[in-house]
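Enquirer: my questions concern the predicted model and sequence given below.
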Amino acid sequence: MSHLEIERHAEVVTLALRRGKVNAIDEELIRELRAALDELVVDRQARALILTGRGPFFSFGLDVPAIYALPEEACSRFLADFTALYTRLYTYPKPIIAAVNGHAAGGGCMLALAGDRRIMAAGRARIGLNEIAFGASVFAGSVEMLAACVGQRRAETLLMSGALHDAAAALDAGLVDRLVEPEALPEACLEEARGLAARQPNAYAGLKRLLRGPVAERMRRREEDSIRDFVQIWYSAETREALREIEIRD
Amino acid sequence: MSHLEIERHAEVVTLALRRGKVNAIDEELIRELRAALDELVVDRQARALILTGRGPFFSFGLDVPAIYALPEEACSRFLADFTALYTRLYTYPKPIIAAVNGHAAGGGCMLALAGDRRIMAAGRARIGLNEIAFGASVFAGSVEMLAACVGQRRAETLLMSGALHDAAAALDAGLVDRLVEPEALPEACLEEARGLAARQPNAYAGLKRLLRGPVAERMRRREEDSIRDFVQIWYSAETREALREIEIRD
Amino acid sequence: MSHLEIERHAEVVTLALRRGKVNAIDEELIRELRAALDELVVDRQARALILTGRGPFFSFGLDVPAIYALPEEACSRFLADFTALYTRLYTYPKPIIAAVNGHAAGGGCMLALAGDRRIMAAGRARIGLNEIAFGASVFAGSVEMLAACVGQRRAETLLMSGALHDAAAALDAGLVDRLVEPEALPEACLEEARGLAARQPNAYAGLKRLLRGPVAERMRRREEDSIRDFVQIWYSAETREALREIEIRD
């Protein structure tokens, strides 16, 4: 595996995105994450996961230049794979801590939202669903996760502003659960993961299913339509132009 | 048009209720609002709307004396029109700022809740769904909008108290998003509207549909039954008596 | 009736649990509560209810030793009865104040959540859904009530922690609406109940149905599956062991 670093600390497994400068999400990264989740779900030694990024980014989101170049149908397929990935993380039977080590924008923020809990490095890192800033919409499942996390009204404000928020604002909005100093992040996440790993696994999975099952059902039911709408906006002349102006040097 | 003042500031269109002293909502006002929305939805120059009231009221709600005099069937029809109006505002593809310039009670508060954002004049104005205070219930859609806005538990407290809240309490409860001095309200709303007008229109409409589509679906599904229940309570002897005691001088 | 004390103060009826030291909920207590609700729903003199406990506990939850001894089928039946009871309280047409006089854990917390409002005695009492602490899950309806009360994200944190919260933390989390000194609790609840009793009964019941009907619909739809899952975990070797370690001296 080249884009995903997997590290074990006893019963806690860390999955660290490591792809280019901004950990941009492409088809290969999705495949590797999926494979890791497949393995870990049946691995009884693995009791809790940490999802994080290497370098100064958690993930700056989907690999826009790569997707920009795709024909429409391939783009739809990629988005179906990506949304299926975050839905799987959201309903994964084992606890997942998102360790937001650095910027988490767009699709990166969506992956963080899919965790059971989000711990963010205080400091320069920013987080948000900033799609509207470059004329794109998002996907139904990410809206459901956001609204479940921060409530409907705040979800509206956050999505319509398209802003990226610093750690203090993210904590205040409920986008993340806790802030720690950057150097203390790995240990804080390990400790949190160990706490959740100590729960009786079936009871934990049962509670998570009760809590997130109905949200996930809505995510799945609405996702396909939302991808179609997203792609329609994404390939519109106006958004194409806005996208061309973004400089993502990766 | 006689009850609705329409003003344009470049890409922002202000719709101001102007009917009697309290901007009470009757069938004619609903028709004029509907006609304006029909026109503006296809008007590419109009990129954002402001909904406000003239005089010291935003709107004190439905025109109770007029409705009180209606036979049951006509009352049901009026309420179907009114609830369809707020559902349309709630899902309107363009941004709508509710500029709460003065008291917004009952149906007036419902129109404000249908906006994308609520900015309220600090000072004497009050806002709330006060139906229970005179023995009436409300409609399913208004409950959905309220719960989406302030959360389920606060919606319960607000509706069961039947109180009208001053601006500070309304902000604290999340009923409104922001307070400004009364004289600064028009400019503050214009500025906010311009900000949202600058978004790529399809992306904005797409996000709003993702966010509010499921809420609106529940609003529509439950509205008819709720109007039937409302009318049944409304025409009960107990509520008739409570209504006779209300003095609305308009 | 032996486990339920019923007291009338004019239009307000207090139902006080009184069973052993911790007011543990068994089949008989459920039957008595159900019978009282049947009577009071048609009693026009009874305009509001208070649900509380005698002694230092509100209720420490289901009678675990009794349920532990039940064969699986009887356990499922008991849980169906219990969840039907809290759903009935949650949708009861008359106002119900939960007077949280002492510890309210597990099933006790669920009964409190079913009230229209929760007033808690400041001091030593603790409240929470602590099932995960002994390896059990909960029921779908209790998750729905909790999420409606405190929002989805907080519901996740509270359930996954399995902690019991003191009064200040419970107020902060939104688990209860108000704290009063223990000796002032009965009078404060009476006053609150009288306030809600003064509402026009049909309008109050109509609002409550609008607010809680959709939540209750989800509760009912998901409850049966969740009881099956709960029982499966409950009878697993791991949880049996955890339960054996709990000392409930009643």
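Expert: Perfect, I can see it now. All figures in this text were calculated on a predicted structure; none of them were measured in a lab.
Enquirer: which residues touch the helix or strand where residue A:153 lies?
Expert: Using DSSP states H and E, residue A:153 sits within helix A:152-161. Residues from elsewhere that reach helix A:152-161 (C-beta atoms under 8 Å, 6 or more residues apart in numbering or on different chains): A:128-129, A:131-132, A:138, A:143, A:146-147, A:149-150, A:165, A:173-175, B:95, B:116-117, B:148-150, B:174, B:177, B:196, B:199, B:204, B:207-208, B:211-212, B:215. Just so you know, the C-beta spots here come from the backbone N, C-alpha and C atoms, and that holds for glycine as well.
Enquirer: contacts with chain C among those residues, please.
Expert: A:149, A:150, A:174 (C-beta under 8 Å from any C-beta of the partner chain).
Enquirer: how about the nearest residue to residue A:225, chain neighbours excluded?
Expert: residue A:140 (7.1 Å; C-beta to C-beta, 6 or more residues apart in numbering or on different chains).
Enquirer: including neighbour count, distance to residue A:53 and secondary structure, could the ones next to chain C among the contacts of helix A:152-161 go into JSON lines?
Expert: Formatted as JSON lines, these follow (neighbours: other C-beta atoms under 10 Å in any protein chain shown; distance: C-beta to C-beta, whole Å; DSSP: H, G, I helix; E, B strand; the rest coil):
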{"residue": "A:149", "neighbour count": "24", "distance to residue A:53": "19", "secondary structure": "helix"}
{"residue": "A:150", "neighbour count": "21", "distance to residue A:53": "22", "secondary structure": "helix"}
{"residue": "A:174", "neighbour count": "18", "distance to residue A:53": "21", "secondary structure": "coil"}
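Enquirer: which of the residues you listed lies closest to residue A:231?
Expert: Of all those, residue A:231 sits closest to residue A:149, with 25.3 Å by C-beta to C-beta.
Enquirer: next, name the residue at the spatial heart of chain A.
Expert: In chain A, the residue lying closest to the centroid (C-alpha atoms, centre = their mean) is residue A:111, at 0.8 Å.
Enquirer: could you export the helix or strand harbouring residue A:29 as PDB, CA atoms only?
Expert: In the assignment (DSSP H and E), residue A:29 maps to helix A:27-41. What follows is helix A:27-41 as a C-alpha-only set of coordinates in PDB (Å, rounded to 0.1, in the frame of the first residue of the first chain):
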ATOM      1  CA  GLU A  27      -9.700   6.300  -6.500                       C
ATOM      2  CA  GLU A  28      -6.500   4.500  -5.300                       C
ATOM      3  CA  LEU A  29      -6.700   6.000  -1.800                       C
ATOM      4  CA  ILE A  30     -10.400   4.900  -1.600                       C
ATOM      5  CA  ARG A  31      -9.500   1.400  -2.600                       C
ATOM      6  CA  GLU A  32      -6.700   1.200   0.000                       C
ATOM      7  CA  LEU A  33      -8.900   2.500   2.700                       C
ATOM      8  CA  ARG A  34     -11.700   0.100   1.800                       C
ATOM      9  CA  ALA A  35      -9.200  -2.800   1.800                       C
ATOM     10  CA  ALA A  36      -8.000  -1.800   5.300                       C
ATOM     11  CA  LEU A  37     -11.500  -1.600   6.600                       C
ATOM     12  CA  ASP A  38     -12.300  -5.000   5.200                       C
ATOM     13  CA  GLU A  39      -9.400  -6.600   7.000                       C
ATOM     14  CA  LEU A  40      -9.800  -4.800  10.300                       C
ATOM     15  CA  VAL A  41     -13.500  -5.600  10.600                       C
END
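Enquirer: quick check: buried residues in it?
Expert: A:27, A:29, A:30, A:32, A:33, A:36, A:37, A:40 (16 or more other C-beta atoms under 10 Å in any protein chain shown).
Enquirer: quick one: contacts for residue A:141?
Expert: Contacts of residue A:141 by C-beta under 8 Å, 6+ apart are A:83, A:86, A:87, A:90, A:219, A:220, A:222, A:223, A:226.
Enquirer: re earlier: contact partners for the residue nearest to residue A:225?
Expert: Counting by C-beta under 8 Å, 6+ apart, residue A:140 has contacts A:218, A:219, A:222, A:223, A:225, A:226, B:210.
Enquirer: distance check, the residue lying closest to residue A:222 once chain neighbours are set aside against residue A:146.
Expert: Of all residues not flanking residue A:222 in the chain, residue A:140 sits nearest, at 3.6 Å (C-beta to C-beta, 6+ apart). Distance, residue A:140 to residue A:146, by C-beta to C-beta, to the nearest Å: 11 Å.
Enquirer: one more: residue A:67?
Expert: In terms of C-beta to C-beta, residue A:67 sits 21 Å off from residue A:146.
Enquirer: now swap in residue A:27 and tell me
Expert: 24 Å.
Enquirer: got the angle for the top helix by length along chain A vs helix C:152-161?
Expert: Ranked by residue count, the top helix of chain A under DSSP state H comes out as helix A:201-234. Interaxial angle of helix A:201-234 relative to helix C:152-161 (axes from the mean of the first three to the mean of the last three C-alpha atoms, to 10 degrees): 160 degrees.
Enquirer: quick check: mean pLDDT of helix A:201-234?
Expert: Across helix A:201-234, pLDDT averages out at 95.
Enquirer: do the same with stretch A:31-48
Expert: Mean predicted lDDT for stretch A:31-48 stands at 98.
Enquirer: list the contacts of the nearest residue to residue A:122 once chain neighbours are set aside.
Expert: Ranked by C-beta to C-beta, 6+ apart and with sequence neighbours excluded, the top spatial neighbour of residue A:122 is residue A:179, at 4.4 Å. Residues near residue A:179 by C-beta under 8 Å, 6+ apart: A:119, A:120, A:121, A:122, A:167, A:168, A:171.
Enquirer: which bits of chain A sit near chain B?
Expert: Residues of chain A lying near chain B (C-beta under 8 Å from any C-beta): A:131-132, A:135-140, A:143, A:147, A:151-153, A:155-157, A:159-160, A:162, A:218, A:222, A:226, A:229-230, A:232-233, A:236, A:238-239, A:242.
Enquirer: now do 6 Å
Expert: Contact residues, chain A versus chain B (C-beta under 6 Å from any C-beta of the partner chain): A:132, A:135-137, A:140, A:143, A:151-153, A:156, A:159, A:229, A:233, A:238.
Enquirer: pull the helix or strand with minimum mean pLDDT from chain A.
Expert: helix A:237-245 (a mean of 77; mean pLDDT, DSSP states H and E).
Enquirer: how far off centre is it?
Expert: Here helix A:237-245 is found 24 Å from its chain centre; the criterion is C-alpha atoms, centre = their mean, to the nearest Å.
Enquirer: tell me which residues of that helix are tucked away?
Expert: By 16+ other C-beta under 10 Å, the buried positions in helix A:237-245 come out as A:239, A:242, A:243.
Enquirer: columns distance to residue C:79 on top of these, output as TSV?
Expert: Output for the buried residues of helix A:237-245, formatted as TSV (distance: C-beta to C-beta, whole Å):
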residue	distance to residue C:79
A:239	52
A:242	55
A:243	54
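Enquirer: ok, of those, which one's closest to residue A:186?
Expert: Closest approach between the buried residues of helix A:237-245 and residue A:186, by C-beta to C-beta: residue A:243, at 34.6 Å.
Enquirer: okay, residue A:1: pLDDT?
Expert: What the model reports as pLDDT for residue A:1 is 55.
Enquirer: residues from chain A in reach of chain C?
Expert: A:148, A:149, A:151, A:199, A:200, A:202, A:203, A:206, A:207, A:210, A:211.
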